[in-house]
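Q: here are the coordinates; sequence isn't available:
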């Protein structure tokens, strides 16, 4: 089976993303071919990954000094306490900057491990083996790391590029449908940012992609990763252009934070709700046509996501949601910065909105 390779070049580090099937079974050769060397390695694994994949990874790296820790992938665990758990092992086992930490899990594990790696002795070798669709198409790429606090999501973090990303599509077969939809949210977001042609491919092959059929799932992952490569290389530290990747996320992060990172709403579901909110507000603000709104909304309705914004919030929650939007890290004034849609492939990245206007929109959307 072919291994697709995407090379990312930034001003801090160049690295590769490998996408294919059966890659965990070849991880020793992959490391050798990509000049990944180390004496000691800490594998931080998602507790939900089936044991057979963990066993294969440990077996293939048996020639190294391997240490292991498993974490529950919860937004509530993205905090300093968990970072300390990772750092404690690294210090006690006397890791140095030429050693390695491997994240083997979804986006939450990747965020934790990336941040721990970036802050341990000012930077440790970091390998990402994403195990969810969402992490394979988005969070494992681009170097964003972070943890949460009471003020909101990912407000403490760093930009720290991995040394290698290895996306094994076979592991996706172990995911429940809800997790597939969670990852599809980022694929949909990427297609809207990219072009109408990309969106039409998803619209035509939606059911096949959600069932992880080849070559549709491979093509979708590769397309999303390629878009992110282009964006990250242009603006690695999110000063300007990279903000397009936050389409739907200002709303999404506020919804997650307002719920206290409840398992009732996962990140991908929040992103889909956030895209819906962004699409509606893009229409109301005169940026998007009614026809384009209907096309996007029709596609979202076909995804099969059961959650709706009214399942979680009432009108009385408007101020709570708005307060988290005010804390969003993209804001640089008293106004709230939204990412809106003008058309497929045309995104407005710095739409400054008065909080009172946004409050009225949120209030009216909560029937």
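A: The structure has been received and is ready for your questions. Source: prediction; values computed, not measured.
Q: most centrally placed residue in this protein?
A: Geometric centre of the chain, nearest residue: residue 139, 3.0 Å, by C-alpha atoms, centre = their mean.
Q: isn't that one up against residue 112?
A: No - if you go by C-beta atoms under 8 Å, residue 139 and residue 112 don't touch, sitting 11.3 Å apart. Glycine gets a C-beta too; all of them are placed from N, C-alpha and C.
Q: please, which helix or strand holds residue 263?
A: Using DSSP states H and E, residue 263 sits in no helix or strand.
Q: could you report the pLDDT at it?
A: Note on residue 263: pLDDT of 88.
Q: flag every buried residue along stretch 214-225.
A: 216, 217, 218, 220, 221, 222, 223, 224, 225 (16 or more other C-beta atoms under 10 Å).
Q: tell me the one of the residues you listed nearest residue 123?
A: Nearest to residue 123 among the buried residues of stretch 214-225 is residue 225, at 23.9 Å by C-beta to C-beta.
Q: so the closest one makes contact with residue 8?
A: No - between residue 225 and residue 8 there is no contact under C-beta under 8 Å: 9.2 Å.
Q: any residues in contact with both of the two?
A: Residues within reach of residue 225 and of residue 8 at once, by C-beta atoms under 8 Å, 6 or more residues apart in numbering, are 17, 141.
Q: my guess is residue 292 meets residue 340, correct?
A: No - applying C-beta under 8 Å, one finds residue 292 not in contact with residue 340, separated by 11.9 Å.
Q: list the contacts of residue 138.
A: Neighbouring residues of residue 138 by C-beta under 8 Å, 6+ apart: 107, 183, 186, 190, 224, 228, 245.
Q: now with 7 Å, please.
A: 186, 224, 228 (C-beta atoms under 7 Å, 6 or more residues apart in numbering).
Q: about what we covered before: neighbour count for residue 292 and residue 340, which is higher?
A: residue 340 (23 against 19; other C-beta atoms under 10 Å).
Q: the more buried one touches residue 348, doesn't it?
A: Yes - contact criterion C-beta atoms under 7 Å: residue 340 and residue 348 qualify, at 4.5 Å.
Q: what sits in contact with each of those two?
A: Joint contacts of residue 340 and residue 348 (C-beta under 7 Å, 6+ apart) are residue 287.
Q: what are the boundaries of the strands in the stretch 151-300 of the chain?
A: Along the stretch 151-300 of the chain, the stretches classed as strands by DSSP state E, counting those that start in this stretch are 152-159, 164-168.
Q: quick one: contacts of the first one?
A: In other words, strand 152-159. 115, 118, 143-149, 236-237, 253, 256-257, 324, 327, 329.
Q: state the mean pLDDT of it.
A: 92.
Q: mind listing what's buried in that strand?
A: 152, 153, 154, 155, 156, 157, 159.
Q: buried subset of the contacts of strand 152-159, written for ChimeraX?
A: The buried subset of the contacts of strand 152-159, as determined by 16+ other C-beta under 10 Å, is captured in ChimeraX by this line:
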select :115,118,143,144,145,146,147,148,236,253,256,257,324,327,329
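Q: ok so, going back, how about the strands of the stretch 151-300 of the chain, which one is nearest residue 314?
A: strand 152-159 (20.8 Å).
Q: if we can go back for a sec, what's around the nearest residue to the residue nearest to the centre of the chain once chain neighbours are set aside, how many residues?
A: Closest residue to residue 139 apart from its sequence neighbours, by C-beta to C-beta, 6 or more residues apart in numbering: residue 107 at 3.5 Å. Residue 107: 28 surrounding residues under other C-beta under 10 Å.
Q: against residue 128, how distant is residue 107?
A: Distance, residue 107 to residue 128, by C-beta to C-beta, to the nearest Å: 10 Å.
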